[in-house]
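A.B. asks: structure for this input, please:
(one chain, ligands or ions: 1)
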Amino acid sequence: MYHFIINPCAGNGRARKSWPKIQKQLHQLNVKYSYYLTTSSTDLKQHLRRQAQLKPTTIFVILGGDGTLYHALNAVAFPTKLDVTLGYIPCGSGNDFAKAAQISTDPNKSLAQLLAQKTPHTLDLGYFKTSNHTGVFSNNLGLGFDARIVEMTNNSRLKKQLNKLHLGKFAYAACFFKALRCQKAFEVTVVSPDFPAKNFSHAFLCTITDQAYFGGGVALFPKARLDDGNLTLVVIEKKNLLNFLSIFLLMLLPGTYHLQARSLSFYTTKQLELTTTAPQIIQVNGETFTFPPGDLRLEIKQQKFIF
Ligand SMILES: Nc1ncnc2c1ncn2[C@@H]1O[C@H](COP(=O)(O)OP(=O)(O)OP(=O)(O)O)[C@@H](O)[C@H]1O
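C.D. replies: Below is the predicted model:
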């Protein structure tokens, strides 16, 4: 049995518009299902948790973007982890998880793909804890520049306009230069059992990723896999503007040329702790929070997924 949970606002209405097409396909294929349209992220979490407790063998299929998926994952993980399988049909703007998991962004194709998959994949989730937030993420958690871009994008009218043209993923690129002007370098210290402690006095981007992509399909760390049991920390220092911009230009090319830049450092690990000295914005799967100065602990958890 499948239970579909739809965030009608995801992708600026893409999920709402896709749902009737999916229903039509479910009827044609004679698939038994139920569904629920959420009214807010709180409603989504409460509904999913309640249903997952009542019907743990049901597959809960989420229709939305990376932010909707984030709320669903956290509903299942907290306050105690529920042993349920999640499914996912991407209908967001950036759809980074879909790209990493190779899920089609055509809803009818992704449904066909999901229905054909009989055994769930076990995927890694990043688990994070700060003094005021605990959560899990399927994509990445970023401090500094990428969080600033996400915050500006989520608050911009441009995202809505680009979504209407099915170009939502370019909304992040559009806020790039605005964020570049506002973001300041910050100090971060990184401690992990897997490598010697590091201090970055001028970090500009500090992202922990569970998969290859961020910002609407940009390959931050192409080697990262959703099921390799690892998280990768990428830190970019802004030594000068030209150098910083060249790293992002290289990131847009196929391959891993940007990883050779001297102002970029990366570490693959299962567990790490970051300490900052000033408040930062953090983005987690495209949702933003304020992170007060202090410690941020990260490790790996697992979740069963069907797609
Ligand atoms: N009815 C609703 N149900 C669930 N979430 C909602 C609802 N209305 C607004 N939201 C908000 O929608 C956001 C999630 O949207 P989501 O991130 O999935 O789409 P997107 O931003 O278009 O895509 P992407 O993250 O892939 O760029 C969350 O911030 C959530 O708070």
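A.B. asks: ok, the residue of the stretch 151-300 of the chain at minimum distance from the ligand to residue 210 distance?
C.D. replies: Per Cβ to the nearest ligand atom, residue 286 is where the stretch 151-300 of the chain lies closest to the ligand, at 3.9 Å. Where you see a C-beta, it was placed from the backbone N, CA and C, and this is true even at glycine. According to Cβ to Cβ, to the nearest Å, residue 286 and residue 210 sit 13 Å apart.
A.B. asks: A strand includes residue 18, no?
C.D. replies: No: if the criterion is DSSP: H, G, I helix; E, B strand; the rest coil, then residue 18 is helix and not within a strand.
A.B. asks: just give the number of residues close to the nearest residue to it once chain neighbours are set aside.
C.D. replies: Excluding the flanking residues, the one nearest residue 18 by Cβ to Cβ, 6 or more residues apart in numbering is residue 107, at 4.1 Å. Residues lying near residue 107 (other Cβ atoms under 10 Å) number 20.
A.B. asks: quick one: strands adjacent to the host helix or strand of residue 208?
C.D. replies: Element membership for residue 208, per DSSP states H and E: strand 195-209. Under the criterion DSSP bridges, strand 195-209 sits next to strand 140-144 (antiparallel), strand 186-192 (antiparallel), strand 231-237 (antiparallel) in its sheet.
A.B. asks: most tightly packed of those?
C.D. replies: strand 140-144 (a mean of 27; mean count of other Cβ atoms under 10 Å).
A.B. asks: so which residues on the stretch 1-150 of the chain come close to the ligand?
C.D. replies: Near the ligand, the residues belonging to the stretch 1-150 of the chain are 7-11, 38-41, 44, 64-68, 92-95 when assessed by Cβ under 6 Å from any ligand atom.
A.B. asks: so does the helix or strand bottoming out on mean pLDDT in the chain get close to the ligand?
C.D. replies: Least confident helix or strand of the chain, by mean pLDDT, DSSP states H and E, is helix 157-164 with a mean of 75. No: if you take Cβ under 6 Å from any ligand atom as the test, helix 157-164 misses the ligand, and the best it gets is 6.7 Å.
A.B. asks: buried ones in that helix, by neighbour count?
C.D. replies: Neighbour-count burial for helix 157-164, counted by 16 or more other Cβ atoms under 10 Å, picks out 158-159, 162-163.
A.B. asks: rebuild the residues you listed as TSV, extending it with distance to residue 75.
C.D. replies: What follows is the buried residues of helix 157-164, written out as TSV (distance: Cβ to Cβ, whole Å):
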residue	distance to residue 75
158	30
159	25
162	29
163	25
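A.B. asks: domains for this structure, by residue range?
C.D. replies: Domain segmentation of the chain under automatic domain parsing yields 2-118, 129-301.
A.B. asks: can you flag the weakest of these by average pLDDT?
C.D. replies: Lowest mean pLDDT within the domains of the chain: domain 129-301, at a mean of 92.
A.B. asks: and residue 88, backbone torsions?
C.D. replies: In terms of degrees, to the nearest 10, the main-chain angles of residue 88 are phi -150, psi 130.
A.B. asks: who's in contact with it?
C.D. replies: Shown in contact with residue 88 (Cβ atoms under 8 Å, 6 or more residues apart in numbering): 61-62, 69, 97-98, 101, 103, 110, 114, 305, 307.
A.B. asks: looking at these, spot the one nearest residue 183.
C.D. replies: For these, the minimum distance to residue 183 (Cβ to Cβ) is 24.8 Å, reached by residue 97.
A.B. asks: surely the closest one meets residue 69?
C.D. replies: Yes: using Cβ atoms under 8 Å, residue 97 makes contact with residue 69 at a distance of 5.8 Å.
A.B. asks: where do the strands sit along the stretch 201-307 of the chain?
C.D. replies: For the stretch 201-307 of the chain, the strands defined by DSSP state E, counting those that start in this stretch occupy 213-214, 218-219, 231-237, 264-269, 271-276, 280-284, 287-291, 294-306.
A.B. asks: what's the answer for the stretch 1-150 of the chain, then?
C.D. replies: Using DSSP E, counting those that start in this stretch, strands in the stretch 1-150 of the chain cover 2-6, 33-37, 59-64, 85-90, 121-129, 134-137, 140-144.
A.B. asks: and the strand holding residue 208, which residues are buried?
C.D. replies: Within strand 195-209, the residues that count as buried by 16+ other Cβ under 10 Å are 200, 203-209.
A.B. asks: could you do stretch 121-137 as well?
C.D. replies: Quick answer for stretch 121-137 (16+ other Cβ under 10 Å): 123-128, 130, 135-137.
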